[in-house]
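here is a sequence with its predicted model. Questions after.
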Amino acid sequence: MSADDRYESPSGADALVAEPSGDGVRWVPLAVGLAGVALGVVELIVGIPRAEPPDHLLLVHVIVGWAFIGSALLALARHPDNRVGKLLVAVGMLWFVPMLTFSESSLVFSVGFLAEGLFWAPLAQLFLAFPSGRTDHRLDRAIVVTLYIALPLGNLLVGLFFDPETAGCIGCPANVFLLSDDPALAASMWTVDSFVGAVLAVAVLVRFLRRWRNSTGPSRRALQPVMWGIVPGFLAAGYFIISTVVDTSPELQTAALPLVNLALVGLPVGFVAGLFRSQLDRSLVGDLLVELKGAIPHGRLREALARALGDPQLELAFWLPESGRYVDEQGRDVTVPDTGPRRATRIRDSQRRPLAVLVHDAAASQDEQRVEAVASAARLALENERLHAEVRAQLEEVRASRMRVVNAGDEARRQLERDLHDGAQQRLLAISAAIERVRTMDSTPGRHTGMLSEIAGELKEALVELRDLARGIHPSLLTDEGLGPAVESLARRARVPTRIEEAPSQRFPSPVEAAAYFVVAEALANAARHSGASEVTVVIRADEGQLRVRVRDDGAGGASLAGGSGLGGLEDRVLSLGGSLLVDSPVGGGTVVTAAIPVPAGHDS
Amino acid sequence: MNEVSAPRRLIVADDSTLFRRGLCLLLEQAGFEIVGEADNAQELMTRVRSEAPDVAIVDIKMPPTFTDEGLRAAAELRSLYPDLGVLVLSQYLEVHYAMRLIENQVSGVGYLLKDRVSAVDEVVDAILRVASGGSVVDSGVVAELLARRRTINPLDRLTEREREVLSLMAEGRSNHAIQERLFVSSRTVETHVRNILMKLGLNETPDDHRRVLAVLAFLRS
């Protein structure tokens, strides 16, 4: 029987679903739908002539089955890879199987008998595994497994001693399982079966209520409709029980029975509603991306991700490669769960290195694509954040550099003012006083001559000081004749013997020339000041769009860009041209100052 | 010393009026005749053409670019007027400028620091030397060359006196001038010069200008 095959082989459906081929995925819901409708129709056709009154009980039964099948189709369509849909299919199919008891074939009748109430097993599994489709707790799994075993076993035990003929079923086919017709034993088996069933039902209910009570976020949103879905069933069941206790008239009982059945419709409705309600809003992921497009304030990423996953308890933990662990924004250790109500989604960077982990509600796992999307967004944001951090650091460096440039400028002005004030200005003042003395002095010729040569001497000194000062500020030679002659001149005046091994004869943009010149000047000054070097060599070479400068001394070493050596100011000058400055100065190993300064393309030298 | 005989007609070119006027007055006082003044190279060329002076005194930097107008004007004047002496006045104590001026000329050019106006004798001496076809290199420039620190300094092989002679050679002075300067005989000077050239590995040359060039090039290397 095809319907049998279909429900007996959920693994087959599983395989089809698991297959990424779109054909399989489309094929399964269609087949399930057709089978469900067919089963219902068959049940009505074969059931109506032989059904016990009231007639509408059968109709209600078919409607409930269709409700499960319908909800299964919705669940499969929305989440083909989630087990909830398959479980709903199983419930729907098992719901219809007992109609086999309408068959006149003993074997088919007996199988139908055995399948009586079997749908409760996948249904209980749904309660305990909803919405992820996976049970989190060992106890839950135990209950589900027990149900799958106990239900058919109970039916079998009853069937061993139950002869439908004796029970008053006229024209019923023979029970193939019948061992011996013993109505009393069958009744006690039935009692035991019912008791075990009731215990398991209570266990399922308790476990479900517990899950519902402890749930938060998406889990709670999923479980809430299921909770509402069982209410009509309870009300109907309560009414049925009360009516049986208060008034045992069969009319009332038969009237209540369809009501109980009908109330079961609340369950598939509840599951589907829960599934859809817990589903992540597509637009939330969109919102997240929009939000992440702008620079997200540091520390607000977790909140944004939590909103997108609808999970306020979401944890975002960052991977620390040094210590190989995950920590949250406050630096606290975060343990990454593998099972249980919280699940982890790991985020890796473009090089597949761990970047962070999202610890989220297990319910979100039912929508793996959505979690993936959020994780991708988080990855973008985190990598973005990393780039931002780099840019911030660079910006900070630029600010600091600007500050240093301003400070260096101020310091240079102060120094210039001091030099002018203490040197040339003092001399000129002395000269003007001397001239005044000559002017007011008696006209003895010899005295004038002495005073005047004194004045001339002072003037000479003032001129020398001014010339040195001017040359230090900016050498005219560099502007007029370029780098080669300017560094030659530097080398000639250097206090440490200096050899220019190589210097380009062509011209470069003046900022490039100035930077190279001052690198040499400062390195020479440094060598003369601190190192006790006996020789300095300078190489300046233009190649590959760069001007490379290397100044090497054989002094004491230990110079650095950081110290107040004046090399630090140079670094800013070189960096501002996009170049680099390196000071290699091991203690006792001499100093090598290397600069690479890019020469703008298209510059004609 | 004011025995200025033949060369006495000068043209002075400098864009600073204050300095130019002061220099002119100083030179007039020293017995020269100022036949023209200019505050830029163009005007200098015109004046030289019309006045045919003995010596042109040229500021190294003049309008419009204030870079090397003086040096270029000097080169042009020397090639146009072989008898004209050109003395470039500069505020820059840079060997490079002096070499650039001297290198391209056969003779009759000089590089003098403006500071020397405080000792008019030096200026007059330089004017007379360039007028007579000699070369002049400022003593400050030469001093800088001699003072240069070297790891292996060939100048260490020279005696104190030889260094003195070398520096006078570098300034562009003839043996005769050196002899007068140092109050020694011409033989002594010749011996010194020969020894110096030998110790420095330089060739002896009868031409004073070539000797200056060779000495300067050696000191510079």
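Ah, there it is.

how about the residues of chain A near chain B?
Residues of chain A lying near chain B by C-beta under 8 Å from any C-beta of the partner chain: A:456, A:459-460, A:463-464, A:467, A:471, A:476-477, A:479-481, A:485, A:488-489, A:492-499, A:534-535. C-betas here are computed from N, CA, C, even on glycine.

which among those count as buried?
Listed as buried from these are A:459, A:463-464, A:467, A:471, A:476-477, A:480-481, A:485, A:488-489, A:492-494, A:496-498, A:535; burial here means 16 or more other C-beta atoms under 10 Å in any protein chain shown.

quick one, grab the pLDDT at residue 144.
I'll assume chain A. pLDDT for A:V144: 90.

try again with chain B
88.

residues contacting it?
Listed by C-beta atoms under 8 Å, 6 or more residues apart in numbering or on different chains, the contact partners of B:E144 are A:492-493, B:93, B:95.

any idea how far the helix or strand where A:G446 lies is from the middle of the chain?
Using DSSP states H and E, A:G446 maps to helix A:445-473. Relative to the chain's own centre, helix A:445-473 is displaced by 76 Å; criterion: C-alpha atoms, centre = their mean, to the nearest Å.

give me the buried positions along that helix.
Under 16+ other C-beta under 10 Å, the buried positions of helix A:445-473 are A:455, A:458-459, A:462-467, A:471.

can you tell me, leaving aside adjacent residues, what's nearest to B:Q105?
In this structure, B:Q105 finds its nearest non-sequential neighbour in B:R78, 5.1 Å apart by C-beta to C-beta, 6 or more residues apart in numbering or on different chains.

what helix or strand is the one you found located in?
Using DSSP H and E, B:R78 sits in helix B:69-80.

any chance you could list what contacts that helix?
The contact list for helix B:69-80 (C-beta under 8 Å, 6+ apart) reads B:13, B:40-41, B:44-45, B:48, B:56, B:58-63, B:84, B:86, B:88-90, B:97, B:100-101, B:104-106, B:108-109.

may I have that helix as CSV, with CA atoms only?
Extracted as CSV, the C-alpha positions of helix B:69-80 are listed here (Å, rounded to 0.1, in the frame of the first residue of the first chain):
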residue,chain,number,x,y,z
GLU,B,69,71.4,85.3,-12.7
GLY,B,70,74.7,86.7,-11.6
LEU,B,71,76.6,83.5,-12.5
ARG,B,72,74.9,83.3,-15.9
ALA,B,73,75.5,86.9,-16.6
ALA,B,74,79.2,86.5,-15.7
ALA,B,75,79.6,83.6,-18.1
GLU,B,76,77.9,85.5,-20.9
LEU,B,77,79.9,88.6,-20.3
ARG,B,78,83.2,86.7,-20.3
SER,B,79,82.4,85.0,-23.6
LEU,B,80,81.2,88.3,-25.2
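
let me see the backbone angles for the residue nearest the centre of chain B.
Centrality entry for chain B: nearest residue to the mean C-alpha point is B:V136, 2.0 Å, by C-alpha atoms, centre = their mean. Backbone torsions of B:V136, given as degrees, to the nearest 10, read phi -130, psi 130.

beta partners for it?
In this entry, B:V136 is beta-bridged to B:G110, by DSSP bridges.

thought it was touching B:G110?
Yes: with contacts counted by C-beta atoms under 8 Å, B:V136 reaches B:G110, the gap being 2.9 Å.

restricted to strands, list the residues of chain A next to chain B.
A:498-499 (DSSP state E).

going along the chain, name the helices of the stretch 201-350 of chain A.
A:217-246, A:250-263, A:266-278, A:282-293, A:301-309 (DSSP state H, counting those that start in this stretch).

could you export those to TSV, including columns for mean neighbour count and mean pLDDT?
Formatted as TSV, the helices of the stretch 201-350 of chain A follow (neighbours: other C-beta atoms under 10 Å in any protein chain shown; pLDDT from 0 to 100):
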stretch	mean neighbour count	mean pLDDT
helix A:217-246	17	78
helix A:250-263	16	71
helix A:266-278	23	82
helix A:282-293	15	70
helix A:301-309	21	81
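
dump those into JSON lines; add distance to B:V142 as well.
Formatted as JSON lines, the helices of the stretch 201-350 of chain A follow (distance: least, C-beta to C-beta, whole Å):
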{"stretch": "helix A:217-246", "distance to B:V142": "90"}
{"stretch": "helix A:250-263", "distance to B:V142": "118"}
{"stretch": "helix A:266-278", "distance to B:V142": "95"}
{"stretch": "helix A:282-293", "distance to B:V142": "71"}
{"stretch": "helix A:301-309", "distance to B:V142": "73"}
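
contact partners for A:R307?
By C-beta under 8 Å, 6+ apart, the contact set of A:R307 is A:284, A:287-288.

where does the record place the domain boundaries for chain A?
A:1-102, A:284-385, A:477-598 (automatic domain parsing).

can you tell me the distance between the two ends of the longest one?
Domain A:477-598 stretches 22 Å from its first residue to its last (C-alpha to C-alpha, to the nearest Å).

over to stretch A:318-335?
This stretch, stretch A:318-335, spans 11 Å end to end (C-alpha to C-alpha).

what distance do you get for the residue of chain B positioned farthest from its centre to chain A?
In chain B, the residue that sits farthest from the middle, by C-alpha atoms, centre = their mean, is B:T151; the gap is 29.5 Å. Noted for B:T151: a distance of 5 Å to chain A, by C-beta to the nearest C-beta, to the nearest Å.

surely that residue is in a helix?
No: the assignment for B:T151, made by DSSP: H, G, I helix; E, B strand; the rest coil, is coil rather than a helix.
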